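**Student:** output the structure for:
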Amino acid sequence: MGLGLGIVPKFRSSLPLVRLWWDQWRGVPAILHITHWKAGSQWVRHILWKCFPERIVRPIEAYDHLRTGPIRPSMIFPTVYAKREDLERIPFPFPVRRFVVIRDLRDTLVSYYFSMKVSHRENPFVRSQRDVLQAVSMEDGLCHLIDTTVKPCADIIRSWIGGDDPLVRYEDLLEDDEGILTRVLLDHCRLPVSRQRLLASIRSSRFERFTKGRPRGDEDIASHQRKGIAGDWRNYFTERVKDEFKQKVGDALLAAGYERDNNW
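**Tutor:** Modelled structure (predicted):
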């Protein structure tokens, strides 16, 4: 009796690894969650982690967790900030499924502004950005970030438009996270998890759970989950910011279908 009780916990703790080996042998594909900065990347990453913590490859800046390897089958690579041509240079000797999450670049800009200026955990890069943003007006800060941050995000979006990989809008996820992620992760990506577990992971990763009940739309600029809504850019864009945005990245907004023309 004592021997049995001692063995069971060890056996159970090894089950995720055994299942991973089994899925690799069966050819279960690796999953790439491709996105850009401030497009709900940590939200989607948390959902994937809740489903399969043992399969998550810890993200490194941009997509270095893919470039520096090792790349193994059946693993999940979240928050891959990369253009299509970047990933086409990486050989994958096993099945891979990809999905792409994008966001209205105007909201991306505003979210990034508050993150860099106030809420993001400090490191040398954030400190350098914070110093700039705290020294200038919000209008100047937003225009500065169009060049330094939104342009790379626009490049990522442009590269994935028109391909075969599912292209998911952050704004649509806010309205139907369960329906969209069920189709993308279970049907397209073949994530080897039950529908019930996926839905539980989605529900436990929503804005209100992270903010301890603060509803979407109730702003806290000191929180990484600042507001959690779409269209907030309207509260911050001046005519100058609009003009610079349209001139420098407006075409990406049109290509992604967020606007029909530049008369917004």
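**Student:** wait, residue 55 touches residue 73, no?
**Tutor:** No - using Cβ atoms under 8 Å as the test, residue 55 is too far from residue 73 to be in contact (10.4 Å). All C-beta atoms are positioned from the backbone trio N, CA, C, and that covers glycine.
**Student:** between these two, which one's more packed in?
**Tutor:** residue 55 (23 against 18; other Cβ atoms under 10 Å).
**Student:** check what pLDDT the more buried one gets.
**Tutor:** Predicted confidence (pLDDT) for residue 55: 91.
**Student:** ok, now residue 96?
**Tutor:** The model's pLDDT for residue 96 equals 94.
**Student:** swap in the one 3 residues further on?
**Tutor:** Per-residue confidence (pLDDT) for residue 99: 98.
**Student:** for it, helix, strand, or coil?
**Tutor:** Recorded secondary structure, residue 99: strand (DSSP: H, G, I helix; E, B strand; the rest coil).
**Student:** hang on, isn't it packed against residue 184?
**Tutor:** Yes - with contact defined as Cβ under 8 Å, residue 99 reaches residue 184; the gap is 5.0 Å.
**Student:** can you map out the helices along the protein?
**Tutor:** 2-26, 41-51, 64-67, 84-88, 105-114, 124-135, 138-145, 151-160, 170-181, 195-203, 207-210, 239-255 (DSSP state H).
**Student:** off-centre distance for stretch 30-49?
**Tutor:** Relative to the centre of its chain, stretch 30-49 is centred 3 Å away, using Cα atoms, centre = their mean, to the nearest Å.
**Student:** surely residue 157 meets residue 105?
**Tutor:** Yes - applying Cβ under 8 Å, one finds residue 157 in contact with residue 105, separated by 7.3 Å.
**Student:** mutual contacts of the two, please.
**Tutor:** Residues touching both residue 157 and residue 105 by Cβ atoms under 8 Å, 6 or more residues apart in numbering: residue 252.
**Student:** next one: stretch 65-80 to chain centre, how far?
**Tutor:** The answer for stretch 65-80 is 15 Å, by Cα atoms, centre = their mean.
**Student:** what's the neighbour count on residue 177?
**Tutor:** The number of residues packed near residue 177 is 20, by other Cβ under 10 Å.
**Student:** returning to what we had before: among the helices of the chain, which is nearest residue 232?
**Tutor:** Comparing the helices of the chain against residue 232 with Cβ to Cβ, the closest turns out to be helix 105-114 (5.7 Å).
**Student:** what helices and strands are in contact with the closest one?
**Tutor:** Judged by 3 or more Cβ pairs under 8 Å, 6 or more residues apart in numbering; DSSP states H and E, helix 105-114 is in contact with helix 138-145, helix 151-160, helix 239-255.
**Student:** for residue 98, see how far away the residue lying closest to residue 126 once chain neighbours are set aside is.
**Tutor:** Using Cβ to Cβ, 6 or more residues apart in numbering and skipping the chain neighbours, the partner closest in space to residue 126 is residue 120 (5.1 Å). Applying Cβ to Cβ, to the nearest Å, the value for residue 120 to residue 98 is 27 Å.
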